[in-house]
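Colleague: Using only what follows, build the 3D model:
(chains A, B and C)
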Amino acid sequence: MSRESNHKRDVAIAKDIQRQLLKKRIMKWTSLFVVIFLYIWAFKGMKDFHIGKNAVKSMKAILGGFIHPDWDYIIEPGGEDLIHALMDTLAIAVLGTFISAVLSVPFAFWAARNMSKHKWISSTGKFVLATIRVFPELIMAIIFVSAVGLGPFAGILALGFHSVGMLGKLFAEAIENKDLSSREALIASGANKIQTFWLAVIPQVLPEFLSYTLYRFEISVRAATILGIVGAGGIGAPLIFALQGHTWDRVGIIFIGIVVMVTMIDYISGAIRKRLV
Amino acid sequence: MEIDVIKKRRIGRMKIILSIILLILLLWGSGYRTNISLYDFFVGIPNIWSTLLDMFPPDLGYFHYVIGPMLETIRIAIIGTTFGGLLSIPIVLLSSRNVTRSPLLFYTARFILNLIRTIPELLLAALFVPIFGIGPIAGIFAITIFSLGVIAKLAYESVEAIDPGPLEAMTAVGANKIQWIFFGVVPQVAANYMSYFLYSFEINIRAAVILGYVGAGGIGLILNNVLASYQYSRALSIILFTLVVVTMIDAISNKIREKLL
Amino acid sequence: MIEFKNVRKIYPNGTVGLNHIQLKIHKGEFVVIVGLSGAGKSTLLRSINRLHEITEGEIFIDGQSITKARGKELLRIRRDIGMIFQNFNLVKRSSVLRNVLSGRVGYHSTIRTILDLWPKKDIALAMDALNRVNMSEKAYSRADELSGGQQQRVSIARALAQEAKIILADEPVASLDPLTTLQVMDDLKRVNQELGITTIVNLHFIDLARKYATRIIGIRTGEIVFDGPVEEATDEVFAEIYGRPIHKDELLGASK
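Modeller: Below you'll find the model as predicted:
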């Protein structure tokens, strides 16, 4: 090739590259500006950003409570102790998750695209699930406490209903992702609707359902620990009392108890889930 | 041969029966502990319905009191997620088996992460309020630590799943560790990381709303006050407003996340 | 230029990877290493830039021992050695230019390279390297938008941008179709002849080896069983290296 044609080709290439670059650059800079503006707005709004002298003192006190926790609180004769409170919390999580698992199944089938003839059916199902998901458990718990009174029942209901949002969505996705051509085979061999359901759909989705339920259980245990704060039972209430009373050693032992319980549950649940899938 | 198959089926069936028995025991035990019976359900559910009806109609005039605290909640979520996200970067790198050589650093990082992830965000906030006082600062700290846990776990799983080829290439080219990470690891996970950041932000908006309940600033504080004084219709308007905001943010965040991946 | 002295590699489970390796490769040579899969070709090649460690002996690059080098010294020696991989090993989501520039990280401070503050000379070098392999139009495309052959050429450009004195190519054409294979091998040969870069290539296609090499090294169970000019590498010699007569699928021509 001659030097001239080489040069012309280079110029054409350069122009094209420049055009591509310009587009990318505009997009980059606009999004950058939006983000910077957002951050300026966020930080400016925090007018009084000061950490008082009390902070260090309190931190030391709290740390002290963690290093020397109130070991006596673990078991106490009256039954008002850590172990019982944790068991209550666990019970709330178990019942709540169980209820939500049972309730989620019909919702899941409602929301799964491959389970109904018309698209609008599954879309409404998905919408209902999404609406439920927007409600934080704590707010549900507050409402239920007003409705059925203080105690674990409100917590169980709150967990049960809230989890349906997440479990329903996960179940529905599991159903959608399954290859259900085995249904056809069964229908061809003369099985009725219930039989196809039981033999083709359920066995395929059951392991995933169980796995998701366990996953949700792990989350519910954590959630159950806080529901007590609004009076829905479990260890949240003793924790708030301890915090408000500044009895840091009790706060420490409660935290340790929660961490231990959650870790154990996670471990067991994880082990079971591995064997499921 | 056939005996083996029959045996296996029997064992399999026994496993299922045992699990079901275990489940029933668990449920019964939980019911016993919490003093719940089916009767409670029949009474309770109508009660819920009437309580909800009590809350209607929402006090719409109350909305403009609510906007300020809502903005504060959003701020708390933004700042908390950002700090949490930034702090997570070193933790992620230290928790990834293919990046960190030293087992000591690796196990320490994973241990810290697991510890953070067992504590619900509300408990963190409840712990920070006595330290930093009532107000958004406690909320920001709580969300920072909470997001650290969420983002880091998702991110290190991504990092461990990347293609080792470019990493090998960077070793061959003579890059030092930081360059190796920057040219080999970062480009492969950057998009995922941003997606996790936004996902964490979605979670944190909800969390920030609730944290206010224990005094960590934002709209939760107002909600607490309003419920304590039985102003249910105001409570409903706060809840509805929250729902609208959360849904909008979710939608925007999802759109951006789709574009990233 | 490259010297192996009494090199052995024994794996923790006792398997012998390399044995009795005494080798001298001079500047500008185009060496092809052949042998069965698992014979030790890859181990030999990768021990040159210490991607694989050896258990005994020493390897010298231009008189400097890479076996004993540590820290910055090791990085500097690696900087002068470019490597081409079977799977290209480009960063898929980065642009071609960025991939090529990543070859230059050894030349600058960490901060400069991270902040993308490459001096003009580096960018010129990178574009020049891309020109040499006819990939300059794709400079700003994402690496995963390219075909296999194009990606491999970019990877050669990366080695060129390193201003490497040695290029190691580990089965560079195993993932490519026959036509692209010839193009890439042509590129490697051209680079070797025009720039005098010592080139060492692992290949399993025998006719390719014969076509491009000036010197052929045959490896069998970790030992060098043949080392000589390409003219001396007859079919019998190859049968010796493989321990059996040549198979049809070891000829590139057969797969067309």
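Colleague: where exactly do the helices run in the stretch 51-200 of chain A?
Modeller: With DSSP state H, counting those that start in this stretch, the ranges of helices along the stretch 51-200 of chain A come out as A:53-67, A:82-111, A:119-134, A:137-148, A:152-177, A:181-188, A:193-196.
Colleague: now those helices as JSON lines including distance to C:Asp177 and mean neighbour count?
Modeller: To be clear about C-beta, it is placed using only N, CA and C from the backbone, and glycine gets the same treatment. Formatted as JSON lines, the helices of the stretch 51-200 of chain A follow (distance: least, CB to CB, whole Å; neighbours: other CB atoms under 10 Å in any protein chain shown):
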{"stretch": "helix A:53-67", "distance to C:Asp177": "64", "mean neighbour count": "14"}
{"stretch": "helix A:82-111", "distance to C:Asp177": "46", "mean neighbour count": "23"}
{"stretch": "helix A:119-134", "distance to C:Asp177": "44", "mean neighbour count": "16"}
{"stretch": "helix A:137-148", "distance to C:Asp177": "57", "mean neighbour count": "24"}
{"stretch": "helix A:152-177", "distance to C:Asp177": "35", "mean neighbour count": "24"}
{"stretch": "helix A:181-188", "distance to C:Asp177": "36", "mean neighbour count": "13"}
{"stretch": "helix A:193-196", "distance to C:Asp177": "47", "mean neighbour count": "12"}
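Colleague: Dump those into JSON lines; add mean pLDDT and distance to chain C as well.
Modeller: Compiled in JSON lines, the helices of the stretch 51-200 of chain A are given as follows (pLDDT from 0 to 100; distance: least, CB to the nearest CB, whole Å):
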{"stretch": "helix A:53-67", "mean pLDDT": "80", "distance to chain C": "35"}
{"stretch": "helix A:82-111", "mean pLDDT": "90", "distance to chain C": "34"}
{"stretch": "helix A:119-134", "mean pLDDT": "84", "distance to chain C": "32"}
{"stretch": "helix A:137-148", "mean pLDDT": "83", "distance to chain C": "38"}
{"stretch": "helix A:152-177", "mean pLDDT": "88", "distance to chain C": "26"}
{"stretch": "helix A:181-188", "mean pLDDT": "74", "distance to chain C": "33"}
{"stretch": "helix A:193-196", "mean pLDDT": "70", "distance to chain C": "43"}
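Colleague: In TSV: these, plus distance to chain B.
Modeller: Formatted as TSV, those follow (distance: least, CB to the nearest CB, whole Å):
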stretch	distance to chain B
helix A:53-67	4
helix A:82-111	3
helix A:119-134	5
helix A:137-148	4
helix A:152-177	4
helix A:181-188	20
helix A:193-196	20
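Colleague: Tell me which of those sits nearest to B:Val66.
Modeller: The minimum distance between B:Val66 and these falls on helix A:137-148, with 14.4 Å, by CB to CB.
Colleague: Convert the C-alpha atoms of that closest one to CSV, please.
Modeller: Output of helix A:137-148 as CSV, limited to C-alpha atoms (Å, rounded to 0.1, in the frame of the first residue of the first chain):
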residue,chain,number,x,y,z
GLU,A,137,-42.1,-7.1,58.5
LEU,A,138,-41.8,-4.7,61.3
ILE,A,139,-44.6,-2.6,60.1
MET,A,140,-46.8,-5.7,59.6
ALA,A,141,-45.8,-6.7,63.1
ILE,A,142,-46.9,-3.3,64.5
ILE,A,143,-50.3,-3.6,62.8
PHE,A,144,-50.8,-7.1,64.0
VAL,A,145,-49.9,-6.2,67.5
SER,A,146,-52.6,-3.6,67.5
ALA,A,147,-55.0,-6.2,66.1
VAL,A,148,-54.3,-9.3,68.1
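Colleague: residue ranges for the strands of the stretch 1-150 of chain C, please.
Modeller: Remark: strands assigned in the stretch 1-150 of chain C by DSSP state E, counting those that start in this stretch are C:2-10, C:16-25, C:30-35, C:56-61, C:64-65, C:81-84.
Colleague: Please tell me how far B:Leu26 sits from chain C.
Modeller: The gap separating B:Leu26 from chain C is 47 Å, by CB to the nearest CB, to the nearest Å.
Colleague: That residue sits in which helix or strand?
Modeller: If you go by DSSP states H and E, B:Leu26 is part of helix B:2-34.
Colleague: still on that earlier bit, so which of the strands of the stretch 1-150 of chain C is the most surrounded?
Modeller: Comparing these by mean neighbour count (mean count of other CB atoms under 10 Å in any protein chain shown), strand C:81-84 comes out on top with a mean of 27.
Colleague: Strand partners (parallel or antiparallel) of that strand?
Modeller: strand C:166-170 (parallel) (DSSP bridges).
Colleague: Rounded mean pLDDT for the strand it pairs with, please.
Modeller: Mean pLDDT, strand C:166-170: 95.
Colleague: Could you pull out the buried residues of the following helix or strand past it?
Modeller: For strand C:166-170, the following helix or strand on the C-terminal side (DSSP H and E) is helix C:178-195. Using 16 or more other CB atoms under 10 Å in any protein chain shown as the test for burial, helix C:178-195 gives C:Thr180, C:Thr181, C:Leu182, C:Gln183, C:Val184, C:Met185, C:Asp187, C:Leu188, C:Lys189, C:Val191, C:Asn192.
Colleague: relative to strand C:166-170, how tilted is helix C:178-195?
Modeller: Orientation check (axes from the mean of the first three to the mean of the last three CA atoms, to 10 degrees): helix C:178-195 against strand C:166-170 gives 170 degrees.
Colleague: longest helix anywhere in chain A?
Modeller: Ranked by residue count, the top helix of chain A under DSSP state H comes out as helix A:3-45.
Colleague: quick one: that one near chain C?
Modeller: Yes - using CB under 8 Å from any CB of the partner chain, helix A:3-45 reaches chain C at A:Asp10, A:Ile13, A:Asp16, A:Ile17, A:Gln20, A:Leu21.
Colleague: and the first one, how many neighbours?
Modeller: In this case it means A:Asp10. Residues contacting A:Asp10 under the criterion other CB atoms under 10 Å in any protein chain shown number 14.
Colleague: what do you get for the second one?
Modeller: Neighbour count for A:Ile13, taken as other CB under 10 Å: 14.
Colleague: Equivalent analysis for the fourth one, please.
Modeller: Counted with other CB under 10 Å, the burial measure for A:Ile17 works out to 17 neighbours.
Colleague: any idea of the pLDDT on it?
Modeller: 76.
Colleague: Return the helix or strand in chain B with minimum mean pLDDT.
Modeller: helix B:38-55 (a mean of 77; mean pLDDT, DSSP states H and E).
Colleague: Report the spatially nearest residue to B:Ile238, omitting neighbours in sequence.
Modeller: Counting by CB to CB, 6 or more residues apart in numbering or on different chains, B:Leu223 is the residue found nearest to B:Ile238 once chain neighbours are left out, at 5.1 Å.
Colleague: which element is the one you found on?
Modeller: Per DSSP H and E: B:Leu223 is located in helix B:219-228.
Colleague: quick one: contacts for the spatially most central residue of chain A?
Modeller: Among the residues of chain A, the one closest to the centroid is A:Ile219, at 6.0 Å (CA atoms, centre = their mean). Counting by CB atoms under 8 Å, 6 or more residues apart in numbering or on different chains, A:Ile219 touches A:Ser163, A:Met166.
Colleague: Could you say which helix or strand holds it?
Modeller: Secondary structure assigned from DSSP H and E places A:Ile219 in helix A:202-227.
Colleague: Quick check: next helix or strand after that helix?
Modeller: helix A:236-244.
Colleague: now stretch B:173-186: mean pLDDT?
Modeller: 92.
Colleague: what about that stretch, near chain C?
Modeller: Yes - Stretch B:173-186 comes into contact with chain C (CB under 8 Å from any CB), by way of B:Val173, B:Gly174, B:Ala175, B:Asn176, B:Ile178, B:Gln179, B:Phe182, B:Phe183, B:Gly184.
Colleague: mind giving me the domain split of chain B?
Modeller: According to automatic domain parsing, chain B comprises the domains B:2-54, B:59-260.
Colleague: Tell me which of those is the most buried.
Modeller: domain B:59-260 (a mean of 20).
Colleague: Just the endpoints, please. Distance across that domain?
Modeller: Separation of the first and last residues of domain B:59-260 by CA to CA, to the nearest Å is 40 Å.
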